[in-house]
Every structure is written in C-alpha cells, then in structure tokens.
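*Asks:* from the sequence below, what's the structure:
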Amino acid sequence: MKLAEIKVQNYRGYGAEASIPIDDLTILIGRNDAGKSTILEALDVFFNDAPIEKEDACVNGDCRDVRITCVFRDLPPSIVLDEQHPTTLHDEYLVRPDGCLEICRVFNCAAAKGKQSRIFARAQHPTAEGVSGLHGLKITELKARARGLGVVLTGVNQTIKTEIRRAIWAHVEDLQMALSEVDLAAESGKAAWDQIQLHLPVYALFKSDRASTDQDGEAQDPMKAAIKEVVKSHEVQLNSLVDQVKSELERVARKTVDKIQEMNPGLASSLNPQVKNKNWDSLFSVSLTGDEGISINKRGSGTRRLVLLNFFRAKAEDAATARHSGVIYAIEEPETSQHPNHQLMLLDAFQELCDSGKAQILLTTHTPTLARKAKREALRLITQANGAPHIMNGSEDATLLAIKDTLGVLPDHDVKVFVGVEGKWDIEFLKRISSLLHHADPAIPDLAGAERNGTLVFIPLGGSSMELWTSRLAGLDRPEVYFTDRDDPPPNSPKYAAHLIAWNQRPNSSGYCTNKRELENYLHPHAIQTIAPNFPLSIADFDDVPLLLAEALHSTNPAAPTWSTVVDTKRKEKASRAKRRLNQECADAMTLPMLRASDPSNEIEGWIRTIGSHL
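*Replies:* Sure thing, here's the model as predicted:
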C-alpha cells in the first residue's frame, strides 16, 4: 500500500481539518513553526504509535477529539478476516468511492498521556436498516440479524462471519450506500485493522535535531543485526565451543568444591557450581573508522549526519523486507550540515528510490537548492493564514510564486543562466554529453559542474507548466536558454513552435528545437547496445528510441510474453524506465566518435556552447 493523503485535526497547530496529498516524493516547504514537522510526527503517531500527549492537542480545539487520518492507494488484493477465509476490502465495503482506503485514528488527549479512543474507516458502506455495522457483531449476533431480515442461510457456512455478512448484503435489494464511519475496534472490524496493519508501509522518521554519532541507536541497530546474522551462521560451531568450555569450567568448579569439602564441609554444602555465558552477539560492537583510523564520531557534523542517514535507510529497508511492504522515509531538513553538492546528490538518491517503486519520500526543507530541483508537483507549501496552517500544492499556479517569496526558490545572486528543458531526463542527457565534450575541449562547459556551483539552474518545464515558468523567469534579469524536442517530423511544425517563436523574440532569451524526434535519437546504437546487445544497429531520426529499447530489453527475457501481446499501458511503463537508462547509462557510454557519428552537424555541441557563452 502507498500513502496518498494525510489529514490532521485538533493536533498541535492544526485546529480545523487540514489535508495534504502525498506523492512518491513530497517536499514540505515553509518557514519555521509553519507546521511541517507536525505532519511528519503525526504520521509517526499513526504508523508507529509514537507517544501523544496532552500538549499535542490544539489549544483552540477539542482535546478529546484529536484526529490523524491516512488515505492509502494500491491496496492488497485480499485480506483474511475469519478462519483463513479470504475477502477483499472492497467486498467488505471498507473503501471510499474512489477505491482508496481511509483510516482515521481518534485520540483523547484530556489526560497527560493521550490514548486512542476510536479507530474507523471512512468508506462507502451500506446504511439501510439492519445491514450497517455488521463488522462489529459477534457471530451469534450476525445470525440473529440475518434471521430478523429473513435471510435464508441454507448453503452458507455459518461458522464464518464473512459469509454471513455477504448473505445479508446480498439479500437486501437497496443497501443505501453512503460515506460512513465503519468501526475497526471490535470483532471483524478489529480483524480488518489487524490485517491492514500487515500491509502498511514501514514509516521511518529521521528528525533534524537528533544526535549524529555512530553510537546512535539508529546507527547501531543495523550493525547489531549484522552481528546477529553472522553469529547465527556459525551457531553450531560456537555452541559446540560453549559446551566444551562450560563442561571444563564445571569440572574445575566441582573439583574446587571437593577441596573445600575437605576443609569446611558446611561451606561446601552451600555451594552449587553454575557456569553462565553471555550471548555471542553481545561480545561484539561495531564502529566506523576511516582509512586513517579516525572514528566517525570525530569527523565533521555533515559527514556524521550523512553516514547516520544511510544507517537509517538500511534499518528501514530491513524492516520493510521483513514485512514484505513498502517504506516511507520521512526526513527533516536533509540539507542540514550538507554541502550543496551533497544536497543535490541526496535529492537524486531520493528520486531514484521513488522511481524504483519501493519507497515514498517525505522531506521538509528551508533551502532553495532542493525545492527548485524537484518537480513542482512534489512541492507543498505550508503557510500561516489567520493563525492556522494553510496548504498550497505545487501543481497550483499561485504556489510557485508563493514559494519564491517564502524561500527565494530562484535566488539570482549567483545564477548566470536558466536552462529550460522538457523533463528531468533531458537534464541528465545534457549534463553527461557536456561532460564528454568538456573533457575533449575545456572551452565547452561542464553543465553538471555549473549546476553544482550555482551558476546554472535547470528548469524542467513540462508541458503544463511551461508558460508559467517562463513568465516567472522573465522578471529575474538572467539569460534564458530553452530546448524542446521536435516530436513531429517535417513538414509538420515542431510541437512547441509557438513557444520557440516567443522565446526567441524576448530579449536575452533563445529557444532551440531538436532536428530529430527527441534527444534520445542522438545516442549512438553502440552506446545503447552496452545494455541491450539485441538493440537495432541503426536509429532513424524519428524512431521512438525508448520504446525500441523497452522492446529489446523485454525480448531478452525468455519467459516474458511476446512484445505484440503486451498492452499499451505496460509498454509505456517499460518505455519510461528505458528512457531513464538511455539518458543515464547509455549517455555515459557515449564516446566522442559516437557523438560525431550520431550528430554530424554538431547540433548538441552548439547548444552547449551557447549556454557556455552565458557562463
């Protein structure tokens, strides 16, 4: 399951219910005390039963009705509620009309320590007389309810509550479905919650103010687990050694008692030889040291925090593997104590985790470096309006300007040029090819280096936000260079012909369009064959290269169905994954002769030199 939304009500600064959509990568932005950490800590309460106290109740709300609600997508195909009898959340009427699962935990924080008072699913559920609330009934009560409604239970296994509920619902012609609160605290409702918990993602919260040493609990736990695993693999030999040592020590102890017997029989009678040994794993500890024997505790705070952050990831991934579930990494201010280069590397690592489908990432940040590099859809701005938190989504046009006002997402003190491209993979392509050209001719700029030192800012425009971004950049008094794919072959006009005209008419702005379908068409087939030897030996200017690579990679699996039988949605997913590999692995495999062969007119080199003229 994946988290799709969190709602909080009467929790800390959130009085009225506030809702935040959650994507695979979600970045919470806002000033200090805006309510960013509150969201992460509310999730810790929901997933991990982190302590909740009287002070956590909103001062302007009802302390007995503190609510933390999570909405989930990608639900499990089946659950077991009664006697190993499978059913589904949908068949049990526990999901919303949109197919998502919404679980609300309600806490009473009137006392010093808060405690859960209710838990329910908000779902499209039967409300007709006699058919609601069935999940809270014991089996005798269900049978009585069925008899009262005139339900014939012949052929129904009356020892299984799931079957009786289905019979009751099937008997009633109009269930009067409506959005309802379905209790999950008793009987089959509790069984449903117990099952749901088995499928919840592991939630791992890394706070910004934690200690950063290799003796920190988070750092030690993965190492302790490793010690236990190694010890267990040698368990037979070690236990044999323990038995030998214990036997020898017991012999010596008994002989000692015998000698005492000769001198003091009373004392000897009160002595009973016992040999105790510690667990093997308690005999070992692990710390990290560098090549010069310097402990990580004595390194810089940024290095310590970076190491600890990755220990944290290792522990969370182990927990997710053990539960066969996904994982949510919630990380406060990952930029803390980190060099700007590391900040960008961290965001790239987080994005790759998200792209793998194995994790969701929740970040809070104050830095423009992370905010401006992420896709706008990932951004959530939390501001204060009338004394209460207000949520703005990055997909809303007004949000980008508000983020700029809040953080200065596009600071202009170092930036010398903005480079607009259609998507993030275009950025990867240009950085890698510029590096190749830079090594051959240092006069050609290394775009990755320019991005790291803050003189160049890439803007992944995307179709929907292209006009908005360009209008924002226009007032920042910096050169702008734009690149788009042609997409459509001549004699058709390029897809973004109107944008190209507008860009080139503006002062200090230039727009370029590929002469081929897209940037992937400038990769040499030999570079692509490094990951797919069966890839075609030539690429036409308007071939769909990601789709061709997807087919080639698919065909290498002898157990896979033939490509012609793969549905369009799956083909698109495979092509999307292939696009990433093309712009990273295959672009890295390019050589200067390959580039000259695939781009004989030096089109790409000309673009990069244009950028260099502004740097």
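
*Asks:* not counting its neighbours along the chain, what's nearest D23?
*Replies:* Nearest residue to D23 in three dimensions, chain neighbours excluded: A378, at 5.9 Å (CB to CB, 6 or more residues apart in numbering). Backbone N, C-alpha and C define where each C-beta goes, glycine included.

*Asks:* do the same with C109
*Replies:* The spatial neighbour of C109 that comes closest, neighbours along the chain excluded (CB to CB, 6+ apart), is A57 at 4.1 Å.

*Asks:* what about the helices in the stretch 151-300 of the chain?
*Replies:* 161-171, 187-199, 217-233, 235-263, 265-269 (DSSP state H, counting those that start in this stretch).

*Asks:* same question, the stretch 1-150 of the chain
*Replies:* Under DSSP H, counting those that start in this stretch, the stretch 1-150 of the chain gives helices at 36-48, 139-149.

*Asks:* nearest to P490, of these?
*Replies:* Taking CB to CB, helix 36-48 is the member of the helices of the stretch 1-150 of the chain nearest to P490, at 50.0 Å.

*Asks:* buried ones in that closest one?
*Replies:* K36, S37, T38, I39, L40, E41, A42, L43, D44, V45, F46, F47 (16 or more other CB atoms under 10 Å).

*Asks:* doesn't E332 make contact with the second one?
*Replies:* So that's S37. Yes. S37 lies in contact with E332 (CB atoms under 8 Å); the separation is 6.1 Å.

*Asks:* if we can go back for a sec, of the buried residues of helix 36-48, closest to A450?
*Replies:* K36 (30.7 Å).

*Asks:* what sits against that closest one?
*Replies:* Counting by CB atoms under 8 Å, 6 or more residues apart in numbering, K36 makes contact with L28, I29, G30, E332, T364, I382.

*Asks:* distance of the spatially closest residue to K161 that is not a sequence neighbour from L184?
*Replies:* In space, not counting the residues next to it along the chain, K161 is nearest to D82; the distance is 4.8 Å by CB to CB, 6+ apart. As judged by CB to CB, to the nearest Å, D82 and L184 stand 15 Å apart.

*Asks:* so A204 touches G326, yeah?
*Replies:* No. Between A204 and G326 there is no contact under CB under 8 Å: 11.3 Å.

*Asks:* okay, the two: which has more neighbours?
*Replies:* Under the neighbour definition other CB atoms under 10 Å, A204 and G326 were set side by side, and A204 has more, 22 against 18.

*Asks:* buried stuff in stretch 487-505?
*Replies:* Buried-residue list, stretch 487-505, by 16+ other CB under 10 Å: D487, P494, K495, Y496, H499, L500, W503.

*Asks:* from the residues you listed, which is closest to N386?
*Replies:* H499 (39.4 Å).

*Asks:* would you format the helices of the stretch 151-300 of the chain as CSV with distance to A597 included?
*Replies:* Listed next are these as CSV, based on distance: least, CB to CB, whole Å:
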stretch, distance to A597
helix 161-171, 65
helix 187-199, 51
helix 217-233, 48
helix 235-263, 59
helix 265-269, 94
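
*Asks:* D23 is nearest to which of those helices?
*Replies:* That would be helix 187-199 among the helices of the stretch 151-300 of the chain, by CB to CB, at 19.7 Å.

*Asks:* residues making contact with the closest one?
*Replies:* For helix 187-199, the external contacting residues (CB under 8 Å, 6+ apart) are 1, 75-76, 79-82, 89, 92, 94, 101, 103, 119, 121, 134-138, 161-162, 165, 182-185, 323, 325.

*Asks:* quick one: it to helix 161-171, angle?
*Replies:* Interaxial angle, helix 187-199 versus helix 161-171 (axes from the mean of the first three to the mean of the last three CA atoms, to 10 degrees): 110 degrees.

*Asks:* what's the distance between helix 187-199 and the middle of its chain?
*Replies:* On the basis of CA atoms, centre = their mean, to the nearest Å, helix 187-199 sits 24 Å off its chain's mean C-alpha point.

*Asks:* that one - what's its average pLDDT?
*Replies:* Mean per-residue pLDDT for helix 187-199: 91.

*Asks:* buried ones in that helix?
*Replies:* E187, S188, G189, K190, A191, A192, W193, Q195, I196, H199.

*Asks:* only alpha carbons, please: show it as PDB.
*Replies:* What follows is helix 187-199 as a C-alpha-only set of coordinates in PDB (Å, rounded to 0.1, in the frame of the first residue of the first chain):
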ATOM      1  CA  GLU A 187     -14.900  -8.100  16.100                       C
ATOM      2  CA  SER A 188     -14.400  -8.300  12.300                       C
ATOM      3  CA  GLY A 189     -13.600  -4.600  12.300                       C
ATOM      4  CA  LYS A 190     -10.700  -5.200  14.600                       C
ATOM      5  CA  ALA A 191      -9.700  -8.200  12.500                       C
ATOM      6  CA  ALA A 192      -9.700  -6.000   9.400                       C
ATOM      7  CA  TRP A 193      -7.500  -3.400  11.100                       C
ATOM      8  CA  ASP A 194      -5.100  -6.100  12.200                       C
ATOM      9  CA  GLN A 195      -4.900  -7.300   8.600                       C
ATOM     10  CA  ILE A 196      -4.500  -3.800   7.200                       C
ATOM     11  CA  GLN A 197      -1.600  -3.200   9.500                       C
ATOM     12  CA  LEU A 198       0.300  -6.200   8.000                       C
ATOM     13  CA  HIS A 199       0.200  -4.300   4.700                       C
END
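
*Asks:* quick one, it and helix 139-149 angle?
*Replies:* 120 degrees.

*Asks:* how far off helix 36-48 does helix 187-199 point, in degrees?
*Replies:* Going by the same axes, to 10 degrees, helix 187-199 makes 120 degrees with helix 36-48.

*Asks:* circling back: now the residue nearest to K161: how far from T514?
*Replies:* Distance from D82 to T514, by CB to CB: 60 Å.

*Asks:* for S180, same thing?
*Replies:* Taken as CB to CB, the span from S180 to T514 is 54 Å.

*Asks:* more neighbours, these two?
*Replies:* Ranked by neighbour count (other CB under 10 Å), S180 and T514 place T514 first, with 21 against 17.

*Asks:* please name the residues that touch I427.
*Replies:* By CB under 8 Å, 6+ apart, the neighbours of I427 are V421, F458, P460.

*Asks:* go ahead and confirm the first one touches L456.
*Replies:* No. Because the distance of 11.8 Å does not satisfy CB under 8 Å, V421 is recorded as not touching L456.
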